[in-house]
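Peer 1: Quick one, fold the following:
(4 chains)
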2 protein chains.
Amino acid sequence: MKKKVSIHDIAKQLNVSAATVSFVLNGKATEKRISEEMEQKILKHVKELGYRPNRVAKSLRTGKSKIIGMLVEGIADPFFSGIARIVEEHAYKLDYKIFYASTENEPKIAKDIISAFRDTQVDGYIIVPPPGIEDDIQALMDDNLPVVLFDRYFPGLASCNIVVDNFDGVYQAMRHFVKNEYKNIGFVTIPSTQTQMRDRLNGYHHAINENGLSPLVKMVSFNVKPDHERYKQEIKHFLEANPQTDAILFATNYLAISGLEAIKQLGLSVPDDIAVIGFDDNTHFSLFSPSITAVAQPVQEISDQVMQQLMACLAGNEKAPAKQTIVLQTKLIIRESSQKTSYLVR
Amino acid sequence: MKKKVSIHDIAKQLNVSAATVSFVLNGKATEKRISEEMEQKILKHVKELGYRPNRVAKSLRTGKSKIIGMLVEGIADPFFSGIARIVEEHAYKLDYKIFYASTENEPKIAKDIISAFRDTQVDGYIIVPPPGIEDDIQALMDDNLPVVLFDRYFPGLASCNIVVDNFDGVYQAMRHFVKNEYKNIGFVTIPSTQTQMRDRLNGYHHAINENGLSPLVKMVSFNVKPDHERYKQEIKHFLEANPQTDAILFATNYLAISGLEAIKQLGLSVPDDIAVIGFDDNTHFSLFSPSITAVAQPVQEISDQVMQQLMACLAGNEKAPAKQTIVLQTKLIIRESSQKTSYLVR
DNA sequence: TTATATCATTTAATCGATTAAGCAATCCAC
DNA sequence: GTGGATTGCTTAATCGATTAAATGATATAA
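Peer 2: Numbering: from 1, shown residues only, chains lettered A, B, ... in the order given. Have a look, this model is predicted:
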């Protein structure tokens, strides 16, 4: 049942050599001085047979696969899947395919997948790195493989990184709170030392100090898997223990969801009892009642840059292109959840 | 800089043949009667060198890749990305990798990607088919390649399909509306003749007829890309043109979002002015005010079945395993948006 | 006329594995 | 001690492409 037409079959049927067919198929007919007549004959026959070259064989020979491996923290996270979609679109236009996988921010999984990508000989890597895989990234770079990190990076590593100004994103959100006269502003985050979380926390502290406020930080406990129920409980306890809290900034989109649920269960009203801002915008946030203010990451721009930088690496493979960290700005989308009802124009 | 250790290098360094190394590495030492001593020597040396076999070469020879191609409508859709995540987890346990891609429900993109998957010699296919690719699916099956469709299927095709009972899902939602004494129940859907949408529409009509109600169907206009703004406008117009509508069922998760926004902009209150149920549950629905009732698809079960069936196909490759359509049940998650406020226990 | 270019295509090596078949050396039975 | 089995490994073909080098034919130049 399985039809396997190889380049040799084509060649045999036309009484030519496989090489000739290969040249024609790779658009090298002119360069290799294949006659117009021969070229047409081959092209026609190839089309008739519906022959498709075996890319595995091609890849074995050329070492190229026209595939880009993309490793994100979780494909189910709207932030990452949103970027994935745009990157995918870019890639197809450039005749590349994207293979995704999720790490769940686990070094072990990430290592395994990077290893699998290498085995598959992907041409480039787009990676949202979990902690502790510096060496693996470095190893890729040592072997001259194009790598672009995004969302976070390793300060010691001379990789190409696309990130947002997390510090400023949080800082702007805090300024907005302050401007609206909130005094006891909490910050809910996870106990991570990765750059993106570290910067967000620093942004918070900076704003707190600048305004002479006292910090109110809740780190949800570390767990292998983000545990929605657990986060909710912990945030509830935090709010009960700190009833003076009149505003709260969630450091990730899933924390915002857990937190909003906690707030709902406590019967607190947003924004009158407590104001809310989330890091990462979300299609749904405008629909909540009240709608949720958010620090929006420039998803389109991140995707564009990721692809652009990767393509640059792919092109100038030998002379290592000036690796750099590109920092994009976030945008505060002000909605109802962050300003006292009395201020709202109804 | 690039180190490329091949099986021949290993062999040469140990003064043995590549074949011997290959046998040992594939666990065929005993079968091929390689001495214990030799085996250990090879294993040790391989470990020391950190040699990793080239899977492209392996794949070329064996025709296997340990990769599964997964084609969904949109990786950014939480329904699909949720399933992707679970399937991925299963796959890793079985030493398979998943390559995702999105079709945007476009036949052309789907054909291209299926073609690319074939070129990559993936071992199996998990596909959410857009319309018009019956022939491509059939072609895969003709070549004895393991294929599992999910979410929707082609009635004429003897493929393995994992779907939910869309008819009953909608029907149960409608019964719930009726029980709560809603009389003018609208149904917002897309003009698709694919099985999943067809069955949902049929479920609606069945319930309408059974209860002697009059149908109120809005098909948003067809567009290449789901256009959130446009959907919203159309739903707004629909509601304005049919002010008697006291309940509405959205046939997809993104329609629900657009619809809820439309309702919000019209200043209607849910559920008192209009009750709402969405097809597909969502992490956020419990957080809306009011919370949104939804027809939840059994995401875990779908993922489990997809993987189980695919593995069955992969195993018993020659004797075509009894292809079948597996129908799973949905579950109505009743929340606030679908019952009049007066009924609620506060 | 001989040497040199140009043309159009083929030969054959190669990528890095797998695996059927082959071949010495040793062992065992009668 | 001769034939057959067993052991332990090697040879070489193969998967399906790419591509440098070779080839043979004709055309042009000196």
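Peer 1: So which bits of the stretch 101-250 of chain A are right by DNA strand D?
Peer 2: Residues of the stretch 101-250 of chain A found near DNA strand D (Cβ under 7 Å from any atom of the strand): none. Yep, even glycine has a C-beta here, placed from its N, CA and C like the rest.
Peer 1: where's the closest residue to residue A:155 other than its chain neighbours relative to residue A:248, distance?
Peer 2: Excluding the flanking residues, the one nearest residue A:155 by Cβ to Cβ, 6 or more residues apart in numbering or on different chains is residue A:195, at 6.8 Å. The gap separating residue A:195 from residue A:248 is 23 Å, by Cβ to Cβ, to the nearest Å.
Peer 1: The nearest residue to residue A:296 once chain neighbours are set aside: what secondary structure?
Peer 2: Nearest non-adjacent residue to residue A:296, counting by Cβ to Cβ, 6+ apart: residue A:281, 3.7 Å away. Classification of residue A:281 using DSSP: H, G, I helix; E, B strand; the rest coil returns coil.
Peer 1: Quick one: residues contacting residue A:281.
Peer 2: Going by Cβ atoms under 8 Å, 6 or more residues apart in numbering or on different chains, residue A:281 touches A:294, A:295, A:296, A:297, A:333.
Peer 1: ok, those vs residue A:138, which is closest?
Peer 2: residue A:297 (26.6 Å; Cβ to Cβ).
Peer 1: ok, and the closest non-adjacent residue to the closest one?
Peer 2: Closest to residue A:297 by Cβ to Cβ, 6+ apart is residue A:164, at 5.2 Å.
Peer 1: Tell me, please, where in chain A the pLDDT is lower than the cut-off.
Peer 2: A:1-3, A:223-225, A:316-323, A:341-346 (pLDDT under 70).
Peer 1: and the residue nearest the centre of it, what helix or strand is that in?
Peer 2: Closest to where the C-alpha atoms of chain A average out (Cα atoms, centre = their mean) is residue A:80, at 4.5 Å. Secondary structure assigned from DSSP states H and E places residue A:80 in helix A:78-93.
Peer 1: Export that helix to PDB, keeping only CA atoms.
Peer 2: What follows is helix A:78-93, C-alpha atoms only, in PDB (Å, rounded to 0.1, in the frame of the first residue of the first chain):
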ATOM      1  CA  PRO A  78      -2.400  32.500  27.000                       C
ATOM      2  CA  PHE A  79       0.600  34.700  27.100                       C
ATOM      3  CA  PHE A  80       2.900  32.000  25.600                       C
ATOM      4  CA  SER A  81       0.300  30.500  23.300                       C
ATOM      5  CA  GLY A  82      -0.400  34.000  21.900                       C
ATOM      6  CA  ILE A  83       3.200  34.500  21.100                       C
ATOM      7  CA  ALA A  84       3.500  31.100  19.700                       C
ATOM      8  CA  ARG A  85       0.700  31.800  17.300                       C
ATOM      9  CA  ILE A  86       2.300  34.900  15.900                       C
ATOM     10  CA  VAL A  87       5.800  33.400  15.700                       C
ATOM     11  CA  GLU A  88       4.200  30.400  13.900                       C
ATOM     12  CA  GLU A  89       2.700  32.800  11.300                       C
ATOM     13  CA  HIS A  90       6.100  34.500  10.700                       C
ATOM     14  CA  ALA A  91       7.800  31.100  10.400                       C
ATOM     15  CA  TYR A  92       5.500  29.700   7.800                       C
ATOM     16  CA  LYS A  93       6.100  32.700   5.700                       C
END
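Peer 1: between that helix and helix B:78-93, how big is the angle?
Peer 2: 80 degrees (axes from the mean of the first three to the mean of the last three Cα atoms, to 10 degrees).
Peer 1: Helix A:78-93 and chain B in contact?
Peer 2: Yes: under the criterion of Cβ under 8 Å from any Cβ of the partner chain, chain B is reached by helix A:78-93 at A:78, A:81, A:82, A:84, A:85, A:88, A:92.
Peer 1: List the buried residues for that helix?
Peer 2: A:78-88, A:90-92 (16 or more other Cβ atoms under 10 Å in any protein chain shown).
Peer 1: re the thing from before, contacting residues around the residue nearest to residue A:155?
Peer 2: When contacts are counted by Cβ under 8 Å, 6+ apart, residue A:195 touches A:152, A:153, A:154, A:155, A:163, A:166.
Peer 1: Can you name the two of these that sit furthest apart?
Peer 2: So for those, where distance means Cβ to Cβ, the most widely separated pair is A:154 and A:166, at 15.2 Å.
Peer 1: Look at those two and report which has more neighbours.
Peer 2: residue A:166 (25 against 19; other Cβ atoms under 10 Å in any protein chain shown).
Peer 1: wait, isn't that one in contact with residue A:194?
Peer 2: No: taking Cβ atoms under 8 Å as the definition, residue A:166 is not a contact partner of residue A:194, at 10.3 Å.
Peer 1: Secondary structure element for residue A:76, which one?
Peer 2: Under the criterion DSSP H and E, no helix or strand holds residue A:76.
Peer 1: For it, what are phi and psi?
Peer 2: Here is the backbone geometry of residue A:76 (degrees, to the nearest 10): phi -80, psi -10.
Peer 1: Test of understanding: give the bridge partners of the closest residue to residue A:80 other than its chain neighbours.
Peer 2: Nearest non-adjacent residue to residue A:80, counting by Cβ to Cβ, 6+ apart: residue A:72, 4.0 Å away. Going by DSSP bridges, residue A:72 is paired in beta bridges with residue A:102.
Peer 1: which residues touch residue A:72?
Peer 2: Per Cβ under 8 Å, 6+ apart, neighbours of residue A:72: A:80, A:81, A:83, A:84, A:100, A:101, A:102, A:103, A:128.
Peer 1: got it, and residue A:197?
Peer 2: Taking Cβ under 8 Å, 6+ apart, we find residue A:197 in contact with A:152, A:166, A:189, A:190, A:251.
Peer 1: run the last query once more with 7 Å
Peer 2: Counting by Cβ atoms under 7 Å, 6 or more residues apart in numbering or on different chains, residue A:197 touches A:189, A:190, A:251.
Peer 1: Including neighbour count, distance to DNA strand C and secondary structure, could the residues you listed go into a markdown table?
Peer 2: Below are the contacts of residue A:197 laid out as a markdown table (neighbours: other Cβ atoms under 10 Å in any protein chain shown; distance: Cβ to the nearest atom of the strand, whole Å; DSSP: H, G, I helix; E, B strand; the rest coil):
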| residue | neighbour count | distance to DNA strand C | secondary structure |
| --- | --- | --- | --- |
| A:189 | 21 | 44 | strand |
| A:190 | 20 | 40 | coil |
| A:251 | 29 | 44 | coil |
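Peer 1: if we take those residues, which one ends up nearest to residue B:124?
Peer 2: Comparing the contacts of residue A:197 against residue B:124 with Cβ to Cβ picks out residue A:190 as the nearest, at 36.0 Å.
Peer 1: The closest one against residue A:218, yeah?
Peer 2: No: with contacts counted by Cβ atoms under 7 Å, residue A:190 stays clear of residue A:218, the gap being 10.0 Å.
Peer 1: got the residues of the stretch 101-250 of chain A near chain B?
Peer 2: For the stretch 101-250 of chain A, the contact set with chain B under Cβ under 7 Å from any Cβ of the partner chain comprises A:101, A:102, A:116, A:119, A:120, A:121, A:142, A:143, A:144.
Peer 1: redo that, cut-off 10 Å
Peer 2: Applying Cβ under 10 Å from any Cβ of the partner chain, we find that the stretch 101-250 of chain A lies next to chain B at A:101-102, A:104, A:109, A:112-113, A:115-121, A:141-145, A:228.
Peer 1: of those residues, buried ones?
Peer 2: Buried members of these, scored by 16+ other Cβ under 10 Å, are A:101-102, A:104, A:109, A:113, A:116-121, A:141, A:145.
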